[in-house]
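Colleague: Below is the sequence, then the predicted model.
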Amino acid sequence: MLELRGLTVSAPGRDLVQDLSLSLPDQGITALIGPSGCGKTSVLKWLAGILPVGLQAEGALHLDGRPIPRPHPALSYQPQSDALFPWLTIAENATLGLRVAGMGKREAQAKVVPLFDPFGLAGTEALFPAELSGGMRQRAAFLRTIVQDSRFVLLDEPFSALDAVTRIRMQRWLTDRLRERPRAVLMVTHDLHEATGLADRILVMAAAPGRIVADIPVPTPQVRRDEAAMAPLRETLKSLLLEETPT
Ligand SMILES: Nc1ncnc2c1ncn2[C@@H]1O[C@H](COP(=O)(O)OP(=O)(O)OP(=O)(O)O)[C@@H](O)[C@H]1O
Ligand SMILES: [Mg+2]
């Protein structure tokens, strides 16, 4: 279990996130939704240990009841921007997390390259990020994050640049992967269908300052697949977001 306790993130003169606590069980998808600017990315960046200089933060992170430093190898993070290195090929970018964790080049490639095809990236191994579309770069960034097999996977709008069909494909791939290798995922999304269709639980944030205002369990995967059955929950989330979105 991962527990974030009392996170406050401040810029000079204002709190961006105030006294936010959340816990992630070892399995399942938690969606984090909230109006633009409410601090979702700031929370994930803090968890990943890469909050920008200039922002102050206090808070504690506990793994299985013990405080841990950040960055920590139990957490992997896909930033909202794809953050691929422009001077590395797609294969080098996609294997980077594994290589940084100490895996040899050949082993890392053997793990990652078979996924290029299901990710719609076949043939891009030797290309550079600038030669790919935005959606392809986003999938390469998702690949880099997910192959690390960390216990906790932080995804910041991982499918926002994808067309509807590719998005559904990647969502299915993720749920299949999690069935094979259960992990905890914290996923930021603006897409309510994605939140209600994928997540076991939805955290709703409000803005100024960022805080969690609702923690909503989602019915079982069987019910989730039924779009119509999920419509009332999407309506509830929509009204919550409308209340919380600054005008
Ligand atoms: N480096 C920074 N310095 C000062 N303020 C910042 C910095 N980064 C983010 N902010 C501010 O923090 C607030 C939260 O930003 P954040 O990116 O966490 O929001 P978000 O919920 O992820 O938004 P979106 O849904 O648009 O991605 C915003 O008001 C933003 O202007
Ligand atoms: Mg964001």
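Modeller: Thanks, I have the structure now. Ligands and ions are numbered 1, 2, ... in the order given.
Colleague: pLDDT-wise, which helix or strand of the protein ranks last?
Modeller: Here the helix or strand of the chain ranked lowest by mean pLDDT, DSSP states H and E is helix 221-224, holding a mean of 88.
Colleague: need the next SSE after it, C-terminal direction.
Modeller: Moving toward the C-terminus from helix 221-224, the next helix or strand (DSSP states H and E) is helix 227-244.
Colleague: chain center to that next one, what's the gap?
Modeller: Helix 227-244 sits 21 Å away from the centroid of its parent chain (C-alpha atoms, centre = their mean, to the nearest Å).
Colleague: Please apply the same query to stretch 57-75.
Modeller: Going by C-alpha atoms, centre = their mean, where stretch 57-75 is centred and where its chain is centred differ by 17 Å.
Colleague: what does this protein have sitting close to ligand 2?
Modeller: 40, 41, 80 (C-beta under 5 Å from the ion). Heads up, the C-betas are built off the backbone N, CA and C, glycines and all.
Colleague: ok, and of those residues, which contact ligand 1?
Modeller: Restricting those to those within reach of ligand 1 (C-beta under 6 Å from any ligand atom) leaves 40, 41, 80.
Colleague: give me every residue that touches the nearest residue to the first one once chain neighbours are set aside.
Modeller: So that's residue 40. In this structure, residue 40 finds its nearest non-sequential neighbour in residue 188, 4.6 Å apart by C-beta to C-beta, 6 or more residues apart in numbering. Residue 188 is in contact with 31, 32, 33, 40, 41, 44, 80, 155, 156, 157, counting by C-beta atoms under 8 Å, 6 or more residues apart in numbering.
Colleague: do residue 124 as well
Modeller: 90, 116, 131, 132, 136, 140.
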